[in-house]
Every structure is written in structure tokens, then in C-alpha cells.
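In: predicted structure and sequence below. I'll ask about it afterward.
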Amino acid sequence: MESVYLTFVFVLAIFLGFELISKVPSTLHTPLMSGSNAISGITLIGALASLHSDNLVFSAILGTLAVTFATINVVGGYVVTNRMLEMFKKKEKKEQGGTK
Amino acid sequence: MSPLFINFAYIFSGALFILGLKMLSSPSTARRGNLFSALGMFVAIVVTLLAQGLDYKWIILGMAIGTGVGVVAAVRVEMTSMPEMVALFNGFGGISSLLLAWAEYHQHPEMSVFIAIVAFLSAFIGGVTFTGSMVAFGKLSGKITQKAVVFKGQHLINAAILVTALGAAALFCMTPASGFGYTLFVIIVLVALGFGVTSTIPIGGADMPVVISLLNSYSGLAACAAGFVISNTILIVAGALVGASGIILTKIMCKAMNRSLSNVLFSGFGTKTAAHSEGDGPQGEIRPATAEDVYYILEAADSVVFVPGYGLAVAQAQHVVKELGDLLEANDTEVSYAIHPVAGRMPGHMNVLLAEANVPYDQLVEMDDINPRMDMVDVCVVIGANDVVNPAALDDESSPIYGMPIIETHRAKTVIVLKRSMNPGFAGIQNALFFAENARMYFGDAKASIQDLVAEFKGD
């Protein structure tokens, strides 16, 4: 039964994703990619939850590697997205003549 | 912390991800949206760490290394290198899904058929995402050739790989707990890693926007499959959102090139066409211009539209373009920047570069907005773009890019094309625009050329 429930959640989330993303303007497609990329680092949650103290050594090694890579994905993804979005400014140039 | 509380916290995180993506629909709210999304991730991480029986020494080790590497890479990267950075991070997301599925399987080999299927999907998609992204990274950063690498029997080999993977998966799902099952799992992992390489290597540089979008989608789906393996809803929801996002971007990119996804993935575009069209391309007289000529044209113009392409990124010319734009505006010229959806190497690549140079986003116009009023534009300045302004896409049915929507710069009163040389663009076809009556060719490195123009403007 659980697999049905999980699949149900999955299908709804896919539709929601389509609705949300089709409203993103092309100007923001790069930040969208890197931002959604950071979200895909959500595997980190699974990797953390899998690292129990009674794990086999090989599982623990695999799990630690998964945590490492997923953390790079999450942290790097959000930081770089923030850096990009910071740069998108509206036209109000009189005040900010000397930013460079 | 009880699992019930943890799962409620995951719902909160999921809501923040959705809110964050929703706020990306406008540049003015996008940054806050990203912070909301990051907050959602932070909440999910914290409550996960509160669960009982976790092995913190491994967790701290992994997270410390990951955070360090992630922050340094994200802070250091140049905006022009953004496509390869995204590809790299994307690959890391993929490999972590593979590793997670493997760790789970190693720990609990007794799996139901359903769990075995999703474990296979998580490992396979994750592996393909990883090596595929690494190849994309190599191509984008110039470490391996940007050309489409095509070899004989490529489709056969890829098909054989896929059949092997599916066969191994079917057997694996029947006996996951046996030693034979374990061997099959390792084979699946290796095949997935190989398939990522063989399926990405035949795709050329200018098709990278499609590939990155697709790999982005894969990394989401891999996370999603990993969520099924460990019955974790937040992985499923977040993975599905990313999967959907990647699919939509892929569709938009394909449409902007007027090609089907299978054509992008399998045709090795740009390798066959280059040879045959060399002789019969458009010919004619080109009209070179000097910096001084271009200066007089721009100086007299009432409206100027810049059309940037990948060449702008290569030459790192975004800042000087902005400087030139400011000088033109000071001269009472209306300045805007027209951006083709597939200009550059990833979706929205040009927008990010121009934003870096402080070009306000309301000056960036999309192809569909600029084309109807192109006849009114005095001067179009094409910087390092080629195929996306090639009129052959409109009128030459034999052209490989026929039917692709373009920015119709040839309809402007004057077109100035900045270009290194007369070499054809990625599609390997000569551009009739360069021979048009109203076109002037301004040869040289984009950055140096524009610097010369800026000097001309400042000189008088």
C-alpha cells in the first residue's frame, strides 16, 4: 500500500512542477537550473538518514561519500544561485553609479 | 525526535521548495525565493539529524568536506563558466543518488520487487547523470572537444548497453539478496557509468543547453527514485519538482532549435552538414568595417539592439558591451539586448552574463518581442552569435537549421556583425546575413573590438 501512496505523491508533485516551472521567464532560466539543481541535492536527506551507527563499514563508506557529494551539490548550488540572482537588477541607475 | 515530527517538518520543507520555485517567476522576487528554498533544505537537514541512532562522525566528515568544496567552488566561479559549474554540481547530485541506493542495498539486500526496481532506477539514472554531467563539464570547459564525437555503430552500442542494463535489472529484481544479485547490481552501476559517457559524447557544444536541461531532469528523477528506495516523501517531492523543471526546460530548448529531442540526442548534429555545404553556401561580397566606421553608424542611430551569443561569453565581453551601451544611452540612443533562447551554452546563459555586467533586466528582450519591431531598429550589433541570426533558417529549406526561430536582425536598417573570422558557426553552415546589403562585418576579438568603439566614443 505504501508504494501506491508514494507514487501518488510523486505524480502530484510532477504536475505541480510543470505548473510552477512553466511560469519562470527565460531571463531566469540559468538561476532556475542551478536552483533546482540545488534542490535535487535533497538526496542528502536520504544519505544522512541512512547513516546509522550500526551500519556495515562498506555501507557507511558509501553513505559518507553520498553525503559529501550531495552537500557539495546543495551548498554550492544555493550559494551560486544566490550570487547570480543578486546581480539581476531593475533599472534605477542614478543612485548606483559606482558599483564597479 | 519522533518520525512523525520529522515527517511534518518535511512537509514544511516541501512547501518552502514550492514557494521558492514560485517566486522564481519574477526577477524581483527570485532571490528571496532561492533563500526560502535554501531554508527549506536547512530545516530538512536539521530535523533529519535529530533522528535517533545516526552515526555522526561520518556525517560531520562528509558535510564538512562537502560544504567546504561547495562554498569555495560557488564563490570562485566566473559567471562565464556557469554552465560547466552547473553541470558539475548536477553530476554530484547524480552520483550521490547512486551511492545512496548502493549503501541501502548493501545494508538491506532483502528487498521487495518494488524496492529493487526503484533501487535499480536510482543507481542507473544517478550513474548516467554523473558521467553524462562530467562529459558535459569537460566539453563546456574545453577539456574535451566541443565537437560531436561520432563513431561507427554508436547507436548499436548504446542500444546494446541499454538492453544489457535492462536485462541485468530484470534478473536483479528477482534475486536481489543473492551473491548473483549483488554482482548484477555492480554490473548495472558500471553500465550506467559507461552509458552516461557514450550517450553524451556524440552531442556537440551548441546543443549543450538541451543536454544540461536533460541531465538536470535526470538528477531530480534519480533523487526521486532514491526517495522510493528509502520511503522518504521529501526526496520524492523535491526530486519530482526538479525532474519536471528539467523536462520543461528541455522542451523549451528543443523548440527554440526546431528540433526534436531524439534529433538532438542521436544525430551528432554539425558533423555531417559541415562537409556538404561548404561549396554551395551563400556567396557574395562582404563589407568589412573599421572601428571608426562602426562608431559613425552607432553615433547616428536612434535605436541599437545588441544580439549576444556564445562568442560574448568566450571573449568575456559583457562588461565592455555594457559600457558601450551606457555611452550610447548618454548619446540619447535607445539600447536593448535581444536574447535568443539557445544563445550560449545553457538556458539563460546570456541573461546571467549581462546581469553580471549590471545591465538592468528590463533592457533584456526576448526573441518574440523584438522580431515584430525589427523593421524599426536602426542598428543591430551581433556579438559572437551566428546560427541564431542566420536567415537561412527562414527561407532556405535545404539548410539544416531550416525552421529554427531566429532573431531577424537582417530586417534592421543596419546590422553590424562582430566576428573573429569568416568561419561558419556551430552548425557548419555559412551565414547569408554576412553578405546582406545592410550588413557590415567588424572583424576581431569581440572584447577588443568593443573596447576600440568605447575609445572612439570617449575620444571626441
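Out: Done, it's in.
In: where along chain A do the helices fall?
Out: Using DSSP state H, the helices of chain A run over residues A:2-21, A:29-40, A:43-50, A:57-71, A:77-87.
In: in CSV, list those along with mean neighbour count.
Out: Just so you know, the C-beta spots here come from the backbone N, C-alpha and C atoms, and that holds for glycine as well. As requested, the helices of chain A are exported to CSV (neighbours: other CB atoms under 10 Å in any protein chain shown):
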stretch, mean neighbour count
helix A:2-21, 16
helix A:29-40, 31
helix A:43-50, 29
helix A:57-71, 24
helix A:77-87, 23
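In: out of these, which is closest to residue B:459?
Out: Residue B:459 lies closest, by CB to CB, to one member of the helices of chain A: helix A:77-87, at 30.3 Å.
In: closest to the centroid, which residue in the chain?
Out: Reading this off chain A. Nearest to the centroid of the C-alpha atoms of chain A, with distances taken as CA atoms, centre = their mean, sits residue A:39, at 1.6 Å.
In: actually, chain B is the one I wanted.
Out: residue B:346 (2.8 Å).
In: what's the domain layout of chain B?
Out: B:77-266, B:278-459 (automatic domain parsing).
In: any chance of those domains in TSV, plus mean pLDDT?
Out: Rendered in TSV, the data for these read as follows (pLDDT from 0 to 100):
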stretch	mean pLDDT
domain B:77-266	90
domain B:278-459	87
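In: would you map the helices across the stretch 151-300 of chain B?
Out: B:154-174, B:179-200, B:208-229, B:233-256, B:261-266, B:272-280, B:291-300 (DSSP state H, counting those that start in this stretch).
In: before we move on, the earlier item: can you put the helices of chain A in TSV and add mean pLDDT?
Out: As requested, the helices of chain A are arranged in TSV below (pLDDT from 0 to 100):
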stretch	mean pLDDT
helix A:2-21	92
helix A:29-40	92
helix A:43-50	93
helix A:57-71	94
helix A:77-87	93
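In: can I get those helices in JSON lines including distance to residue B:229?
Out: Converted to JSON lines, these look like this (distance: least, CB to CB, whole Å):
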{"stretch": "helix A:2-21", "distance to residue B:229": "10"}
{"stretch": "helix A:29-40", "distance to residue B:229": "16"}
{"stretch": "helix A:43-50", "distance to residue B:229": "8"}
{"stretch": "helix A:57-71", "distance to residue B:229": "12"}
{"stretch": "helix A:77-87", "distance to residue B:229": "22"}
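In: redo these as TSV? Include distance to chain B.
Out: As requested, these are exported to TSV (distance: least, CB to the nearest CB, whole Å):
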stretch	distance to chain B
helix A:2-21	3
helix A:29-40	3
helix A:43-50	5
helix A:57-71	2
helix A:77-87	4
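In: tell me how far the residue nearest to the centre of chain B lies from residue B:381.
Out: As judged by CB to CB, to the nearest Å, residue B:346 and residue B:381 stand 23 Å apart.
In: next: residue B:243.
Out: 39 Å.
In: same question, residue A:4
Out: Taken as CB to CB, the span from residue A:4 to residue B:381 is 58 Å.
In: what's around the closest residue to chain A within the stretch 51-200 of chain B, how many residues?
Out: When scored by CB to the nearest CB, the stretch 51-200 of chain B has residue B:66 as its residue closest to chain A, at 2.5 Å. By the criterion of other CB atoms under 10 Å in any protein chain shown, residue B:66 has 25 neighbours.
In: which SS class is it?
Out: Using DSSP: H, G, I helix; E, B strand; the rest coil, the structure places residue B:66 in helix.
In: per-residue pLDDT, it?
Out: At residue B:66, the model reports a pLDDT of 95.
In: skip the chain neighbours and tell me the closest residue to it.
Out: residue A:71 (2.5 Å; CB to CB, 6 or more residues apart in numbering or on different chains).
In: ok, now which ones touch the one you found?
Out: A:41, A:44, B:62-63, B:65-67, B:70 (CB atoms under 8 Å, 6 or more residues apart in numbering or on different chains).
In: farthest pair within those?
Out: Every pair of these checked by CB to CB; the farthest is A:41 and B:65, at 14.4 Å.
In: does stretch B:24-31 reach chain A?
Out: Yes: Stretch B:24-31 lies within reach of chain A by CB under 8 Å from any CB of the partner chain, at B:24-28, B:30-31.
In: which of those fall in helices?
Out: Filtering the residues of stretch B:24-31 next to chain A for helices - DSSP H - leaves B:27-28, B:30-31.
In: apply the buried test to those residues and list what passes.
Out: B:27, B:30-31 (16 or more other CB atoms under 10 Å in any protein chain shown).
In: for the closest residue to residue B:41 other than its chain neighbours, report the pLDDT, please.
Out: What sits nearest to residue B:41 in space, not counting adjacent residues and going by CB to CB, 6+ apart, is residue A:74, at 5.9 Å. Listed pLDDT for residue A:74 reads 96.
In: so who does residue A:74 touch?
Out: A:38, A:41-42, A:44, B:41, B:66, B:70.
In: ok, now with 7 Å
Out: Residue A:74 makes contacts with A:38, A:41, A:44, B:41, as judged by CB atoms under 7 Å, 6 or more residues apart in numbering or on different chains.
In: now, the most widely separated pair of those?
Out: The distance between the two most remote of the contacts of residue A:74 (CB to CB) is 10.2 Å, for A:38 and A:44.
In: what about the closest residue to chain A within the stretch 351-460 of chain B, how many neighbours?
Out: For the stretch 351-460 of chain B and chain A, the shortest gap (CB to the nearest CB) falls at residue B:360, measuring 3.7 Å. Using other CB under 10 Å, residue B:360 has 16 other residues around it.
In: backbone dihedrals for it, please?
Out: Main-chain dihedrals, residue B:360, degrees, to the nearest 10: phi -60, psi 140.
In: kindly report the same for residue B:89.
Out: phi -60, psi -40.
In: isn't it up against residue A:73?
Out: Yes: Residue B:89 is in contact with residue A:73 according to CB atoms under 7 Å; the separation is 5.1 Å.
In: which residues do these two both contact?
Out: Common neighbours of residue B:89 and residue A:73 (CB under 7 Å, 6+ apart) are residue A:37.
In: neighbour-wise, which of residue A:41 and residue B:65 wins?
Out: Shown here are residue A:41 and residue B:65; by other CB under 10 Å, residue A:41 has more neighbours (32 against 17).
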